[in-house]
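here is my input, please return the structure:
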Amino acid sequence: MPQTPDEQQKHYLYVAIDRATRWVYLGGRRSQSAKDARVFMKQVEEKAPFETQTVLTDSGKSFTDRFTRAGERKPSGNHQFDQECQADGIEYRLIKPGRPQTNGMVERFNGRISDVLATRRYASGEDLEQTLKRYTWLYNHHIPQQALHHQSPIAVMKEWQSKRPELFTKRVVDHTGPDR
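Next up is the predicted model:
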């Protein structure tokens with residue numbers, strides 16, 4: 001993310017996308033540390049209206065200790081992100097190294113965010129944060145997705161909730177118009 005005039009250091013954007021509904025959650029963190037990745041994961045679990053079953057990430061150090069310079073190894077179980085997933089009964093998978101297309105949804109969304117952030121200069125971290133919140137809300141509630149038969153992520157999530165309520169922990173509310 002761009003550094004704003006009132007900040008002493010750069011911030012990093014963490015992105016979570018539900019593969020079925022394309023629902024997005026964003027979080028800015030001060031570093032790419034394992035601790036910050038774990039905090040972000042906790043935030044996703046709190047905000048998501050559904051039970052998280054599986055998480056797929058890249059093999060960055062903030063998410064795993066499964067890679068060394070010599071190659072892949074067994075997870076130690078000591079990495080904070082691994083521990084967060086284990087504690088909540090979440091299956092945790094990694095994309096294969098050198099296969100970023102596996103993480104294509106996040107990469108595409110990151111491109112969209114880059115385009116949004118490049119449109120103006122931000123006076124403060126608060127200004128930047130508000131822009132990200134507004135765009136996330138717009139994306140989730142108003143932007144139809146071709147892969148979702150031209151519906152918004154929230155509209156699709158409401159359909160899922162009516163068909164499979166056992167997957168959800170909260171009521172999904174669509175603020176785009178009268179809630180059905």
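
going by C-alpha atoms from here, please, whenever you check contacts or count neighbours.
OK.

do a quick rundown of the helices in the protein.
34-47, 80-87, 104-117, 125-141, 153-163 (DSSP state H).

same list (the ones you listed) but as CSV, adding distance to Val24 and mean neighbour count.
Listed next are the helices of the chain as CSV, based on distance: least, Cα to Cα, whole Å; neighbours: other Cα atoms under 10 Å:
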stretch, distance to Val24, mean neighbour count
helix 34-47, 9, 17
helix 80-87, 19, 18
helix 104-117, 9, 14
helix 125-141, 7, 16
helix 153-163, 8, 19
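
got the ones you listed as CSV, with distance to Arg19 and mean pLDDT columns?
Formatted as CSV, the helices of the chain follow (distance: least, Cα to Cα, whole Å; pLDDT from 0 to 100):
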stretch, distance to Arg19, mean pLDDT
helix 34-47, 14, 93
helix 80-87, 18, 90
helix 104-117, 8, 88
helix 125-141, 13, 91
helix 153-163, 10, 95
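
what's the closest of those to Asp6?
Closest of the helices of the chain to Asp6 is helix 125-141, at 6.8 Å (criterion: Cα to Cα).

export that closest one to PDB, keeping only CA atoms.
The C-alpha coordinates for helix 125-141 follow below in PDB (Å, rounded to 0.1, in the frame of the first residue of the first chain):
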ATOM      1  CA  GLY A 125      -3.600   6.600   6.800                       C
ATOM      2  CA  GLU A 126      -7.300   7.100   7.800                       C
ATOM      3  CA  ASP A 127      -8.000   8.500   4.300                       C
ATOM      4  CA  LEU A 128      -6.400   5.400   2.700                       C
ATOM      5  CA  GLU A 129      -8.200   3.100   5.100                       C
ATOM      6  CA  GLN A 130     -11.600   4.600   4.400                       C
ATOM      7  CA  THR A 131     -11.000   4.300   0.600                       C
ATOM      8  CA  LEU A 132     -10.200   0.600   1.100                       C
ATOM      9  CA  LYS A 133     -13.300   0.100   3.200                       C
ATOM     10  CA  ARG A 134     -15.600   1.900   0.700                       C
ATOM     11  CA  TYR A 135     -14.200  -0.100  -2.200                       C
ATOM     12  CA  THR A 136     -14.500  -3.400  -0.300                       C
ATOM     13  CA  TRP A 137     -18.200  -2.600   0.500                       C
ATOM     14  CA  LEU A 138     -18.800  -1.600  -3.100                       C
ATOM     15  CA  TYR A 139     -17.200  -4.800  -4.400                       C
ATOM     16  CA  ASN A 140     -19.100  -7.100  -2.000                       C
ATOM     17  CA  HIS A 141     -22.500  -5.400  -2.400                       C
END
